[in-house]
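K.L.:
Below are the sequence and a predicted model; questions follow.
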Amino acid sequence: MHEVIICEKPKSSEKIARALFPDAERKKHGKVSYWEYEGDGKRVTVVSAVGHLYSLKPENPRAEHFFDLEWVPIHEIDKKKAYVRDYLNVIKKFASDADRYIHACDYDIEGTLIGFNALKYGCGDEALERARRMKFSTLTRDEIREAYENPIEIDYRQVDSGAARHILDFIFGVNISRSLMKSVKEATDRFIKLSAGRVQTPTLAILVEREKEIREFEPVPYWIIKALLEPDLVAESSRGRIFQKETVKEILEKCRGADASVKSVRIKETIRKPPVPFDLGTLQSEAYRAFGFSPKKTQTIAQNLYTEGYTSYPRTSSQKLPESIGYDKILGELSKNSEFKKHIDKLKRPLKPHEGKKEDEAHPAIHPTGVIPTKLSKDDKRIYDLIVHRFISVFGDDAILETMKTELEIEDEKFTFSRRRVSRRGWMSSYPYTKIEDDVFPDLKEGDIINVREIVAEEKKTKPPARYNEASLIRELEKRGLGTKSTRADIIAKLYDRKYIEGRKIHVSPLGENLIDTLTKYCEKITNEELTRQFERELEEIMRGGVTRDRVIEEAIEEVKSILKDIDRNMKEIGRDLYRAYQDSRVVGECPECSKNLVIKYSPKNKSTFVGCSGYPDCRVVYSLPRGASILKTPCEKCGLPMISFGKPRQRACLNPKCGKKEIKGEEIVGKCPECGSDLIKRSGRYGEFVGCKGFPKCRFTCSVDDCPDTD
DNA sequence: GCAAGGTC
C-alpha cells in the first residue's frame, strides 16, 4: 500500500514526517524535499504544497466581465511563481501510484482549500474520494500522531467556504477594477492602472477620511504658561491649554515679580514590565520605529531569516512563547555569541516569559531558533538582532521607573514639573531599542522658595489628527479586521504602487481621493468594512450549511452586475474625472519657462521616469531624475522648484541640478524642526535611530522617527 | 493589466 500525505508548506511537511516516521528518509526532487518511509507493510511519502498551488482564472479571458472562473496552476498565471511548478510536480509524481491520501494542511479555511485543490486538480477525483483529513492546531509530535491515527473526512462545506471567498473577491475586485480602467480608456483613450478590492479600497478610504479631516481642520490658538525658575528649571501652569487671551494676561500680571513656593514633592515608583514577544504586526511596528523599515521590508527579511533557519515562522499573530519551544536550549545556543551571552547570563531562573494577550493556534510568537547566522546583510542583521534582544528581554526582570512630580505656587497659581529616571534597568539593559530616561532630580523640598526669572506665555495651535504611517496603518487594519497578518503590508505597498498614496507620513493623491469619491457614489459597499463583514457572515453560513456556495456566488454576481451597470451609465464622466485626478497627481510644480505644469513623465525608451513640462512640444523643459528619487513637497529655497531626495543614505537636492542647492551628504533630512525651523535629521544613537534638530546643540529638539513632525 | 490569500 502506498500512502501520500500532503502538507501545506515545506516546513510542516518536515515536522509531520519526523513526528510520524522518525526513520523516514529525506529525498530531493530538484529543489523540492519530500520524505519516504517503508515499513509495517506500507510505503508512505510526505509531500508539500507551498501555499496555494492553484489560482482563479476567467474561463473566457475575452469576456467583457468575468463571472465564470476556473482553477489553474498558479505558475501558469504568474511567472514569478515558477517555483510552484516543482512542488506540484512532486505531488503529481507520487500521487499517480498511491492508493491512500492524507490531507494534512493547516486546519483553517485556506488550508483546507489548498489541500483540496492539490488533491482534486493535482491528483484527480479518484484521489480525492480516497482522501482523509488530519486535524491539528499545532505541529507538536503528539498532536500530529493523534491526528494521523484518527483521521476525519474532508469538510466540504469548509472547502466551499474557502472557494467562495476566492471567487467573491475576484468577482468584486477584478470586475470593478476593469470597469474603472475601461472608463478612463473610453473617456480619454489613455490607459492607467487602477484597482479596487474588498481590502485595498477600505484601506484607502481610511486614509482619505484622515486626509479630509486634516484639510478641514481649523487650528485654534491657545497658550501654555511657563515659569522659568532659577537656576535652570521650567514649570508649566496646571491650567494646561488656555484658549482666552484675557486669562493669559491676567495670570501673567498676577504672577509678575512673585516667587514660587514648593507645595509638594512626590516621588513615585512605577513598574515597567518587559515587552511582550513579537507577533508579525508588533515586529513590523517596532522595526519601523527603530530602523524606519517598511512593514513589507521587515516581512521579507523575517521570511528570509525563517527560511535560513535562524528564526521561527514569521506569519503569526501569537504573543505567546510556550515552554515546548525549549527556552534553555535556545538561550544556551545564543550564548555562543558573546554579545547575547552577557544579557542571557543576567536572566533569573526559572525562566518565565512576559507574554502578550494575542494568540495563534498554529504558531508561537516570533523567536530565534538558536542557530546563529554567520553572515547577514546589514539590514537582515538588524532585524535578527532585534528579534534576539526582544526574545531575551521578555525573560528579564521588571524595570523600575521613578517619577518626581513637583507642585509649586506662584501667588495662587499652580505650576508643576516632572522628572523621570529609570532606577532599575531590568529588561531594559538587554533591549537597546528603548530610551532609558535619566533625568536629574533637582534637590527640592516642600516649603522651598524659588526665584522666578520670568513668566512666559507660549502661543501654540491645536493640531489636526496625525497622518498615518505604514506602521500605524497596519495597526489600524488589524484593529478593524481588514486583511490578514500576511497580506496587510502588501496591500499598503499596492496603494503606493498605484500612486493613490505617497510619503512616509501618508498623503493621499488626488487620484486616490477621486477614486474613493467615485466608488462611494457607485459602490459604497466596497469603500468600507461592510463588504468584509458580509463575506464573513456568508462564509460562516456556508460552513454551517445554511446556504450553498453557488447561491452566495449567484447573489454576488447579481450585485456586481448592478454596480457595473451603474458605472457604465456614467462611464465617460467617471473616466474623465479619474484621468483629471491622475494628471493632478503627477503635477510637481510650475515650469520656470512657460508657467505650465511640470509633471512626472515616463520614458518607455529609457525605462525611467523624469519631470517634464506639460506644454510639450511647445515647451521642452525637462529634468532627469536619479534612480529611486522621490519628489518632495518642499520647494527649493533658492529657485522654488521642488526638492528631490535620492541615493543611499538619502540626500536632498534641487530638481534643477544647475540650481545647485544641495544638502549635506549622509544626513537624511526628514522634516522641519517645530521649535527653530531648521532641518530635522535622522541620527543614530545608542538606542537606535531618532530624529534630531540640525541646530543641535543650540536647539535640542528630538523625537522618535515615528513621531517626526509632518513636512512632506 | 484587474483581488486577496496562502507560501518560497
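P.N.:
Structure received. Numbers count the residues shown, from 1 in each chain, chains lettered A, B, ... in the order given.

K.L.:
can you name the farthest residue from the center of chain A?
P.N.:
For chain A, the residue at maximal distance from the C-alpha centroid (C-alpha atoms, centre = their mean) is residue A:257, at 53.6 Å.

K.L.:
State the phi and psi torsions of it.
P.N.:
phi 80, psi -10 (degrees, to the nearest 10).

K.L.:
and the gap between it and residue A:411?
P.N.:
Distance check for residue A:257 against residue A:411: by C-beta to C-beta, to the nearest Å, it reads 10 Å. From N, CA and C alone the C-beta is placed, and that goes for glycine too.

K.L.:
Residue A:80 now?
P.N.:
Residue A:80 sits 72 Å away from residue A:411, going by C-beta to C-beta.

K.L.:
Then residue A:315?
P.N.:
In terms of C-beta to C-beta, residue A:315 sits 61 Å off from residue A:411.

K.L.:
Among these two, which residue is more densely surrounded?
P.N.:
Set residue A:315 next to residue A:411 and count neighbours by other C-beta atoms under 10 Å: residue A:315 wins out with 18 against 13.

K.L.:
In this structure that one contacts residue A:281, no?
P.N.:
No. With contact defined as C-beta atoms under 8 Å, residue A:315 and residue A:281 do not form a contacting pair (10.5 Å).

K.L.:
residues shared between the contacts of the two?
P.N.:
Common neighbours of residue A:315 and residue A:281, counting by C-beta atoms under 8 Å, 6 or more residues apart in numbering, are residue A:485.

K.L.:
Moving C-terminal from the host helix or strand of residue A:558, which element do we reach first?
P.N.:
Taking DSSP states H and E as the definition, residue A:558 sits inside helix A:549-569. Following helix A:549-569 in sequence order, the next helix or strand is helix A:571-586 (DSSP H and E).

K.L.:
What are the buried residues along stretch A:369-377?
P.N.:
By 16 or more other C-beta atoms under 10 Å, the buried positions in stretch A:369-377 come out as A:369, A:370, A:376.

K.L.:
Could you point out which residue ranges in the stretch 101-250 of chain A have low pLDDT?
P.N.:
Within the stretch 101-250 of chain A, no range satisfies pLDDT under 70.

K.L.:
What residues does it have near DNA strand B?
P.N.:
Remark: the part of the stretch 101-250 of chain A in contact with DNA strand B comprises A:106, A:110, A:114, A:165-166, A:169-170, A:173-174, A:177-178, A:181, A:185, A:191, A:193, A:195-201, using C-beta under 7 Å from any atom of the strand.

K.L.:
where does residue A:602 land on pLDDT?
P.N.:
Looking at residue A:602, its pLDDT is 68.

K.L.:
same check, this time on residue A:658
P.N.:
79.

K.L.:
Distance check, it against DNA strand B.
P.N.:
Residue A:658 is 36 Å from DNA strand B, where distance means C-beta to the nearest atom of the strand, to the nearest Å.

K.L.:
For residue A:410, see how far away that residue is.
P.N.:
Taking C-beta to C-beta as the measure, residue A:658 falls 58 Å from residue A:410.

K.L.:
quick one, which of these two is more surrounded?
P.N.:
Taking neighbours as other C-beta under 10 Å, residue A:658 and residue A:410 compare with residue A:410 leading, 24 against 7.

K.L.:
Tell me, how many residues neighbour the closest residue to residue A:242 other than its chain neighbours?
P.N.:
The spatially closest residue to residue A:242, leaving aside those adjacent along the chain, is residue A:223, at 4.9 Å (C-beta to C-beta, 6 or more residues apart in numbering). Residues near residue A:223, counting by other C-beta under 10 Å, number 22.

K.L.:
ok but residue A:223 is inside a strand, no?
P.N.:
Yes. Under the criterion used here (DSSP: H, G, I helix; E, B strand; the rest coil), residue A:223 sits inside a strand.

K.L.:
Identify the bridge partners of it.
P.N.:
When assigned by DSSP bridges, residue A:223 has beta-bridge partners residue A:242, residue A:459.

K.L.:
for DNA strand B, what are the nearby residues on the stretch 301-450 of chain A?
P.N.:
A:303, A:306, A:307, A:315.

K.L.:
For PyMOL, write the select line for the buried members of these.
P.N.:
Here the buried members of those are turned into a PyMOL selection, burial being counted by 16+ other C-beta under 10 Å:
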select buried, chain A and resi 306+315
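
K.L.:
what's the farthest-apart pair in the residues of the stretch 301-450 of chain A next to DNA strand B?
P.N.:
A:307 and A:315 (12.4 Å; C-beta to C-beta).

K.L.:
Name the spans of the stretch 301-450 of chain A whose pLDDT lies under the cut-off.
P.N.:
Nowhere does the stretch 301-450 of chain A drop to pLDDT under 70.

K.L.:
Which of the three states applies to whatever residue of it ends up closest to DNA strand B?
P.N.:
Minimum separation of the stretch 301-450 of chain A from DNA strand B (C-beta to the nearest atom of the strand) falls at residue A:315, amounting to 4.5 Å. Under the three-state scheme (three-state DSSP), residue A:315 adopts coil.

K.L.:
How about the one 5 residues further on?
P.N.:
State at residue A:320, reduced to three classes by three-state DSSP: coil.
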